[in-house]
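> Provided below for reference: sequence and predicted model.
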Amino acid sequence: MQSQGTISGPTYVVTGGAGFIGSNFVRHALRKTAARVIVFDRLTYAGSLLNLTEVSSSSRFTFVQGDIADREAVDALFRDWRPDTVVNFAAETHVDRSIDGPGEFIRTNLVGTFELLDAARRQWANLADEAKRRFRFLQVSTDEVYGSLGDTDLFCETTPYSPRSPYSASKAGADHLVCAYRHTYGLPTLITNCSNNYGPFQFPEKLIPLTILNAVEGKDLPIYGDGGNVRDWLHVEDHCSGILLVLEKGEPGEKYNIGGGNERTNLQVVDAICSALDRRLPASRNPALVTRGLGSYLDLKTFVTDRPGHDRRYAIDSSKIRSQLGWSQQHTFDAGIEDTVRWYLENREWSEKIQAGKYERQRLGLAEMGVQA
């Protein structure tokens, strides 16, 4: 463990800070605040120190390897660092993986959140009044806890929870625990529910990086069902700015939805990626496509059996965080996709290293159903 030194800013504990959204938040917090940032991460397949290379030399950054479901490790984290703020990104997040193995999702997302909350409660209860007032516990959640929408509705902060997968059920349970600790103990908690994130450092199991990397290698691009499932896409940097704003200005006990206002079908997302690749790395210059005799990345699209329980549409109403806290996103979907495609093309070494021995881009989530991909 590094020495706590003489840094005068607050201390943030960022759990899951070596993952996709967490590592982007760590970079954002170090740029925008004077905080000391302690990353606590188990380094599972999707969490990697490769995501934190550019901040590893900062005097305000410390990495601690540990599991949020391990009470002794969590107790040591709070005892050693006495955080003013806890931001919980630590989670198993892939719906298809939750279908194949729900147990790890319950352990990390539900039990782990409980251990963090209880350690925070015990520390907070012994703080002086001013330190109690400043303390924050922010739970980073998802729009998937709300279930599936019709064609026109939007998820707002008062939408009843209706999770449909082991993943979303575990996140919903964690959110309920956070609310319970606020109402029962008075712990100053906040919850943010976000729409689908995209951007740099996303592990390649998710739709956008998976599509980019498979397309570049001339592999088929599988699209679930009819490709009509709709998601609201949010650039990860816009999400991180929203989280920091909630920490700084949000009212304890409140929930804030953070959405990009960028509804797209999965088919539209894949088409946008293929078009961006056609501009940046034309098929005629990509040996993988030339070998297959294909003139465009769009020719790689193929439709496959839908996954079990695939919610049809998610869309976020983010008017509360916009009107009350003044948040707005800075990335349009088209520009964000263009930048994301560029980042993955320029960081092929990162993609290869982070997948090595962990993931071969195989389809997940059908084994227990006896369905063939």
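Nice, I can see it. Residues are numbered from 1 along each chain as shown.

> Contacts only, for residue 157.
193, 254, 255, 256, 257, 320 (C-beta atoms under 8 Å, 6 or more residues apart in numbering). Where you see a C-beta, it was placed from the backbone N, CA and C, and this is true even at glycine.

> if we go to 6 Å?
Applying C-beta atoms under 6 Å, 6 or more residues apart in numbering, one finds that residue 157 lies in contact with 255, 257, 320.

> Out of those, the closest to residue 209 would be?
Using C-beta to C-beta, residue 257 comes nearest to residue 209 of the contacts of residue 157, at 24.4 Å.

> just the buried members of the contacts of residue 157?
By neighbour count, with 16 or more other C-beta atoms under 10 Å, the contacts of residue 157 hold 255, 257, 320 as buried.

> Can you say which helix or strand has the last one in it?
Taking DSSP states H and E as the criterion, residue 320 maps to helix 319-325.

> Can you spell out which helices and strands pack onto the helix or strand following that helix?
Sequence-wise, the next helix or strand downstream of helix 319-325 (DSSP H and E) is helix 333-346. Helix 333-346 sits against helix 266-280, with contacts defined as 3 or more C-beta pairs under 6 Å, 6 or more residues apart in numbering; DSSP states H and E.

> Just give the number of residues close to residue 310.
Neighbourhood size, residue 310 [other C-beta atoms under 10 Å]: 16.

> where does it fall, helix, sheet strand or coil?
Three-state assignment for residue 310 (DSSP: H, G, I helix; E, B strand; the rest coil): coil.

> same thing with residue 69?
Residue 69 ends up coil, using three-state DSSP.

> how much space between it and residue 42?
As for residue 69, its distance to residue 42 is 9 Å (criterion: C-beta to C-beta, to the nearest Å).

> repeat for residue 144
22 Å.

> go on, residue 110?
15 Å.

> Redo the buried ones among the contacts of residue 157 as a markdown table? Include pLDDT.
Below are the buried ones among the contacts of residue 157 laid out as a markdown table (pLDDT from 0 to 100):
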| residue | pLDDT |
| --- | --- |
| 255 | 98 |
| 257 | 98 |
| 320 | 98 |
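
> Which stretches in the stretch 1-150 of the chain count as helices?
For the stretch 1-150 of the chain, the helices defined by DSSP state H, counting those that start in this stretch occupy 20-32, 71-81, 95-100, 102-105, 112-125, 129-134.

> Among those helices, which comes closest to residue 199?
Closest among the helices of the stretch 1-150 of the chain, using C-beta to C-beta: helix 20-32, at 6.8 Å.

> Buried residues in the host helix or strand of residue 244, which are they?
Element membership of residue 244 [criterion: DSSP H and E] is helix 236-249. With burial defined by 16+ other C-beta under 10 Å, the residues of helix 236-249 counted as buried are 236, 237, 238, 239, 240, 241, 242, 243, 244, 245, 246, 247.

> Ok, stretch 81-99 next?
81, 83-99.

> and that stretch, how far from the chain's centre?
Distance of stretch 81-99 from its chain centroid, counting by C-alpha atoms, centre = their mean, to the nearest Å, is 8 Å.

> got a list of contacts for that stretch?
With contact meaning C-beta under 6 Å, 6+ apart, stretch 81-99 is reached by 10-16, 21-22, 38, 68, 104-105, 108-109, 116, 120, 134, 136-140, 165-167, 205, 364-365.

> If any of these are buried, put those into a ChimeraX selection.
Restricted to buried positions by 16+ other C-beta under 10 Å, the ChimeraX selection for the contacts of stretch 81-99 reads:
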select :10,11,12,13,14,15,16,21,22,38,68,104,105,108,109,116,120,136,137,138,139,140,165,166,167,205,364,365
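
> ok, residue 148 touching residue 311?
Yes - using C-beta atoms under 6 Å, residue 148 and residue 311 qualify as a contacting pair, with a distance of 3.8 Å.

> So the two - more neighbours on which side?
Applying other C-beta under 10 Å to residue 148 and residue 311 shows that residue 311 carries more neighbours, namely 20 against 16.

> Okay, that one and residue 168: tell me how far apart.
From residue 311 to residue 168 the distance is 8 Å (C-beta to C-beta).

> What's the mean pLDDT across stretch 350-362?
If you average the pLDDT over stretch 350-362, you get 75.

> Next: stretch 63-82.
98.

> Return the alpha-carbon coordinates of that stretch using CSV.
Below are the C-alpha coordinates for stretch 63-82, written out as CSV (Å, rounded to 0.1, in the frame of the first residue of the first chain):
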residue,chain,number,x,y,z
PHE,A,63,-4.5,0.5,-6.8
VAL,A,64,-5.6,-2.1,-4.3
GLN,A,65,-6.5,-5.6,-5.5
GLY,A,66,-9.5,-7.0,-3.7
ASP,A,67,-13.0,-8.5,-3.9
ILE,A,68,-16.0,-6.4,-2.7
ALA,A,69,-17.6,-9.6,-1.5
ASP,A,70,-14.7,-10.4,0.8
ARG,A,71,-15.5,-8.7,4.2
GLU,A,72,-12.0,-8.8,5.5
ALA,A,73,-10.6,-7.1,2.4
VAL,A,74,-13.4,-4.5,2.4
ASP,A,75,-12.8,-3.8,6.1
ALA,A,76,-9.1,-3.3,5.5
LEU,A,77,-9.8,-1.0,2.6
PHE,A,78,-12.0,1.3,4.8
ARG,A,79,-9.6,1.1,7.7
ASP,A,80,-6.5,2.0,5.6
TRP,A,81,-8.0,4.8,3.5
ARG,A,82,-11.0,6.2,5.4
